[in-house]
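In: kindly generate the corresponding structure for this input.
(chains A and B)
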Protein chains: 2
Amino acid sequence: MTAEPLELGVNSHILAAGKRVLELFASVQDAPEQFPLWSASDSVAARIQDPTAMPEHGQSLDDTLAQAVELMQQGLCNVSHPLYFGYISPRPHPAAVLGDFLGSALNQTPGAWRAGPSATMVEVEVLHALRSLFGLDPVVGRLPGGVFTGGGTLANLIGLKLAREQMHRQHPQTHRADGPGARIYMSREGHFSIAKALDVLGFAADALVEIDTDEQGALLPEQLEQRLAHDVALGYTPMCLIGVLGTTATGAIDPLRRIGELARRYNAWFHIDGAAGLALAALPEARRHMQGLNDADSITFDPCKWMFASFGVGCLLVRNGEMLGSSFWAGGPYWEERGELDTFKMNLYGTRQFRSLGVWCLLQHLGLEGYRQLLRNMTGATAHLRALLSADPAYCLIPDQQIMPVVAFRPVTANAESVARLVVLCQQRNLAYPSVLEWKGEVYIRVAISNYQTSTLDMERFKRALDGLVHELGFSLPRIL
Amino acid sequence: MTAEPLELGVNSHILAAGKRVLELFASVQDAPEQFPLWSASDSVAARIQDPTAMPEHGQSLDDTLAQAVELMQQGLCNVSHPLYFGYISPRPHPAAVLGDFLGSALNQTPGAWRAGPSATMVEVEVLHALRSLFGLDPVVGRLPGGVFTGGGTLANLIGLKLAREQMHRQHPQTHRADGPGARIYMSREGHFSIAKALDVLGFAADALVEIDTDEQGALLPEQLEQRLAHDVALGYTPMCLIGVLGTTATGAIDPLRRIGELARRYNAWFHIDGAAGLALAALPEARRHMQGLNDADSITFDPCKWMFASFGVGCLLVRNGEMLGSSFWAGGPYWEERGELDTFKMNLYGTRQFRSLGVWCLLQHLGLEGYRQLLRNMTGATAHLRALLSADPAYCLIPDQQIMPVVAFRPVTANAESVARLVVLCQQRNLAYPSVLEWKGEVYIRVAISNYQTSTLDMERFKRALDGLVHELGFSLPRIL
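Out: So this is what the prediction gives:
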């Protein structure tokens, strides 16, 4: 068929092509194991090197989507599979995906009231709901208590920009990025996005001071305290103290309250990177381990991690939105002021994608209690895996805080090379998709559960698969008779 | 209905709820005038001030999406309406929307080969296709010739970061953001995102030098040349020269070749902000007016403007992707190196939304020639409106280059206040949605055509509506007998 791009009566075309996508979506959600955990055809790999040109003449919408559906299956990372354990890549929740689709179909942006009235309102409601769900104090000031971004890196960037501005107000002599001795403190297990953001902001690499962690991966507060005293004595300015809420490697939570106290003592900004881990604050039993959340000046949170939105939606939560309003400015001769809520004036972005609708739909569909149930399913499956591994002397685990859905372990007799080999075999044979973790000089198998349907039975299946590989690769402990 | 979040057999639920969104989408695309150009209920406005809390217990997926569909209609900026002329807010193309939906449903990210093999490949293909479509030279080096971002602001930010790094290499004494006298040059009509990006990068506000424009809104190259000579004599370092390809106000194109020559003369980075206007380079008749595109070191382009993707997808095109690879770094103990293409190492973002699939589907569906046809429909409708207004002595137009689908004009006898009144009436009576433009001391009516289905007949309809308002408000010229 030839494209008739200007034809009227597109109704049936959109319905047919859209149904094709919907059916694949429903089918993957219904039976995720029909597709391998990971696959890429030779053709997909070849086209990276030698991209196929776009056609001069088109084809029907339905044929196009059929082609796209086929192409995606040729090179799929199947994050909906219950044994996909890589990185932090969630099974996307249908409510979030369909909500995002609705916002996209109407092309609303929450960047300005006049460009998306309901979109702006939905974003305000979601920010409000997230603060409440995680036990954060009510907002100060008339602006919303946060902004949405395209992910955690951008949220961290904005948080650090606010920190820089506070430093400039307090220490006018360090009035620009390379002011004498601005320092930012974070544990060695913090995310690389912080270094990226500091580089963007114009800080030299040595502005970031990395503090050692305990055996679970949490920052050592005594070391932070000593380092702060030492640096300040030498004339450095502590600009920002960062607490990590859920490290990527082992899910560790830093001692947030202690870090917050030190930030206050040194008039430094206190930023929490909770991109992954803040989600767990929805559970009272987990939030007990996050004392100090409300001491933070800014918190990064990614709904596209353990809130099951698709990739590319983050937010920065702040107690006082006015700080964002004074950090960012925007306008133009084509934008007359009307006193409406224009969030593009409190964000790095101009027009933005409307991703909060997916989160809104997810929370409306599940209810807060339903969302907690999904989290508990993940933490329950994680605890089951921990128990299975702990009970088996053939494995040793990295001790962890047992809060986040992350487990790292290895066969006790395996070396770095053989652990990597085990992970590759596991992936290649479509048994499960864990990843490799380097941790304090050793190599481990890392499992992050980001699929709210992964069950304890899946964990038993995984353990059996591991045992088989351990046996096959000859890692079994000598049996002591 | 109560939510059963962990239930199996979700197939029928997803299909039913998804069909609801699809049907609204098809219906809006089919008959966009069934909804007003802009509307917001009192309830939506009230919830901005007093957000509704999320429920403790959920509801069915279908009920949730029904609620979301209803809510969006209560506060809709109807960009699909053929007489929506605000800002640059496109009618989203079904192929782009459905492609994005597919990527989101499978939760693939193009940030790393292992997290999205086809996604990574599709992004490479789209970058390749865009370069070819716009007549850009082939890429140098082994990395893709650009990166995708969440919009033009982020693309401009990355381009300016590359410029800063070139300056640091050439002038080590200006090795940080507030090095002595780094200067960035752009016309007064450039977009506010440049100032935002420079602020993020750590430059003081006076680092951006604004150059006057001609009566059409294009940068005056003689003034730029004089200012450069003057600044360099005083010891300033020209870090970056920015050429605007399609100003937001009037669609003006700067003299790119001249700016590129000056950039070379002063060893400055040459960045083109073509967020909106680069799309028109797909038309040979328009590209003739863009000489110098290939002199640019980096170019910003937004598929979410005149390429009809939904909001929130931009890209930065560069001749040499290695510059991005050396600007950004990323990694972690949980990410073992395998020599694969990981675009998160050449971008500000970590994991990212997969928005290039929408563009890929759009270009596959329309074909390059079909896409050109949509652009020509817009430029044709724009030319028709220009002709209607030019032929009528009751109106005066801002002289423009007649390349971009933007027209600004006013009733000759109207003052600032009455122009604003006319625009408000036009919007309130659902006649059309132009916006207000302040231009060189006068106030104009601005019309941007971002809807590929807006026709010459729509323009005649709009002109009649204008004439009626002009008559009603008493702006008519005294008839000379």
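
In: near whichever residue of the stretch 201-350 of chain A sits closest to chain B, how many other residues are there?
Out: Nearest residue of the stretch 201-350 of chain A to chain B: A:Gly312, at 2.6 Å (C-beta to the nearest C-beta). Glycine gets a C-beta too; all of them are placed from N, C-alpha and C. Other residues lying near A:Gly312 total 28 when counted by other C-beta atoms under 10 Å in any protein chain shown.

In: quick one: contacts for it?
Out: A:Gly150, A:Gly151, A:Cys304, A:Gln353, A:Arg355, B:Thr109, B:Gly150, B:Thr351, B:Arg352, B:Gln353, B:Phe354, B:Arg355 (C-beta atoms under 8 Å, 6 or more residues apart in numbering or on different chains).

In: could you do A:Asn107 as well?
Out: B:Val79, B:Ser80, B:Ser89, B:Pro90, B:Arg91, B:Pro92, B:Ser310, B:Phe311.

In: so it versus B:Tyr185, what's the distance?
Out: Using C-beta to C-beta, to the nearest Å, A:Asn107 is found at 34 Å from B:Tyr185.

In: what do you get for A:Gly380?
Out: From A:Gly380 to B:Tyr185 the distance is 59 Å (C-beta to C-beta).

In: same check, this time on A:Ala53
Out: According to C-beta to C-beta, A:Ala53 stands 36 Å off from B:Tyr185.

In: neighbour-wise, which of the two wins?
Out: Taking neighbours as other C-beta under 10 Å, A:Ala53 and B:Tyr185 compare with B:Tyr185 leading, 26 against 12.

In: which SS class is that one?
Out: Look at B:Tyr185: counting by DSSP: H, G, I helix; E, B strand; the rest coil, its state is strand.

In: what segments of the stretch 201-350 of chain A are strands?
Out: A:208-211, A:237-244, A:269-273, A:298-301, A:314-318 (DSSP state E, counting those that start in this stretch).

In: most neighbours per residue, which of those?
Out: Mean neighbour count (mean count of other C-beta atoms under 10 Å in any protein chain shown) peaks for strand A:298-301 among these, with a mean of 30.

In: let me see the mean pLDDT of that one.
Out: Mean pLDDT, computed over strand A:298-301, is 98.

In: contacts for that strand, please.
Out: Applying C-beta under 8 Å, 6+ apart, the external contacts of strand A:298-301 come out as A:130, A:134, A:136, A:152, A:155-156, A:158-159, A:162-163, A:245, A:269-275, A:278-279, A:293, A:314-318.

In: among these, which are in reach of chain B?
Out: A:Gly152 (C-beta under 8 Å from any C-beta of the partner chain).

In: for the stretch 1-150 of chain A, give me the ranges with low pLDDT.
Out: Within the stretch 1-150 of chain A, the ranges that satisfy pLDDT under 70 run A:1-10.

In: wait, isn't A:Ala40 in contact with B:Ser118?
Out: Yes. At 7.4 Å, A:Ala40 and B:Ser118 qualify as touching, with contact defined as C-beta atoms under 8 Å.

In: which one's more surrounded, those two?
Out: Higher neighbour count among A:Ala40 and B:Ser118: B:Ser118, with 29 against 20, using other C-beta under 10 Å.

In: pretty sure the more buried one is touching A:Val44, no?
Out: Yes. Judged on C-beta under 8 Å, B:Ser118 makes contact with A:Val44 at a distance of 5.4 Å.

In: overlap in contacts of the two?
Out: In contact with both B:Ser118 and A:Val44: A:Leu71, A:Gln74, A:Gly75, using C-beta under 8 Å, 6+ apart.

In: filter those residues by proximity to chain B?
Out: For chain B, the contacts drawn from those by C-beta under 8 Å from any C-beta are A:Leu71, A:Gln74, A:Gly75.

In: can you convert those into JSON lines and add a column each for distance to B:Glu261?
Out: Shown next, in JSON lines, are these (distance: C-beta to C-beta, whole Å):
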{"residue": "A:Leu71", "distance to B:Glu261": "43"}
{"residue": "A:Gln74", "distance to B:Glu261": "46"}
{"residue": "A:Gly75", "distance to B:Glu261": "44"}
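
In: drop anything exposed from those.
Out: A:Leu71, A:Gln74, A:Gly75 (16 or more other C-beta atoms under 10 Å in any protein chain shown).

In: now, which of those lie within helices?
Out: Of these, the ones assigned to helices by DSSP state H are A:Leu71.

In: closest one to chain B out of the buried ones among the ones next to chain B among the shared contacts of B:Ser118 and A:Val44, please.
Out: Ranked by distance to chain B (C-beta to the nearest C-beta), these are led by A:Gly75 at 3.2 Å.

In: now for that closest one: which residues touch it?
Out: The contact partners of A:Gly75, by C-beta under 8 Å, 6+ apart, come to A:Ser39, A:Ala40, A:Ser41, A:Val44, A:Ala45, B:Gly116, B:Pro117, B:Ser118, B:Ala119, B:Thr120, B:Met121.

In: tell me who's in contact with the second one.
Out: What it means is A:Ala40. A:Ala40 neighbours (C-beta under 8 Å, 6+ apart): A:Gln74, A:Gly75, B:Trp113, B:Pro117, B:Ser118.

In: OK, contacts around A:Val470?
Out: Contact analysis of A:Val470 by C-beta under 8 Å, 6+ apart lists A:Ala394, A:Pro411, A:Ala414, A:Leu422, A:Ser476.

In: take the residues you listed and write them to TSV, including distance to chain B, secondary structure and pLDDT.
Out: Listed next are the contacts of A:Val470 as TSV, based on distance: C-beta to the nearest C-beta, whole Å; DSSP: H, G, I helix; E, B strand; the rest coil; pLDDT from 0 to 100:
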residue	distance to chain B	secondary structure	pLDDT
A:Ala394	23	coil	94
A:Pro411	18	strand	95
A:Ala414	15	coil	89
A:Leu422	13	helix	96
A:Ser476	25	coil	63
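
In: B:Pro284: which of the residues you listed is nearest?
Out: A:Leu422 (57.3 Å; C-beta to C-beta).

In: in contact with the closest one, which residues?
Out: Contacts of A:Leu422 were listed using C-beta under 8 Å, 6+ apart, and they are A:Pro411, A:Ala414, A:Ile445, A:Leu466, A:Leu469, A:Val470, A:Leu473, A:Phe475.

In: give the helix, strand or coil label for the last one.
Out: Read that as A:Phe475. Following three-state DSSP, we place A:Phe475 in the coil state.

In: show me the beta-bridge partners of the residue nearest to it when sequence neighbours are not counted.
Out: Take A:Phe475 and drop its neighbours on the chain: the residue closest to it by C-beta to C-beta, 6 or more residues apart in numbering or on different chains is A:Pro411, 4.0 Å away. Counting by DSSP bridges, A:Pro411 forms beta bridges with A:Tyr395.

In: might one say that A:Glu460 is in contact with A:Ala381?
Out: No. In this structure A:Glu460 lies outside contact range of A:Ala381 using C-beta under 8 Å: 10.1 Å.

In: re earlier: flag whichever of the contacts of A:Gly312 scores worst on pLDDT.
Out: Ranked by pLDDT, the contacts of A:Gly312 bottom out at B:Thr351, which scores 89.

In: helix, strand or coil: sort out that residue for me.
Out: Of the three states, B:Thr351 takes coil according to three-state DSSP.
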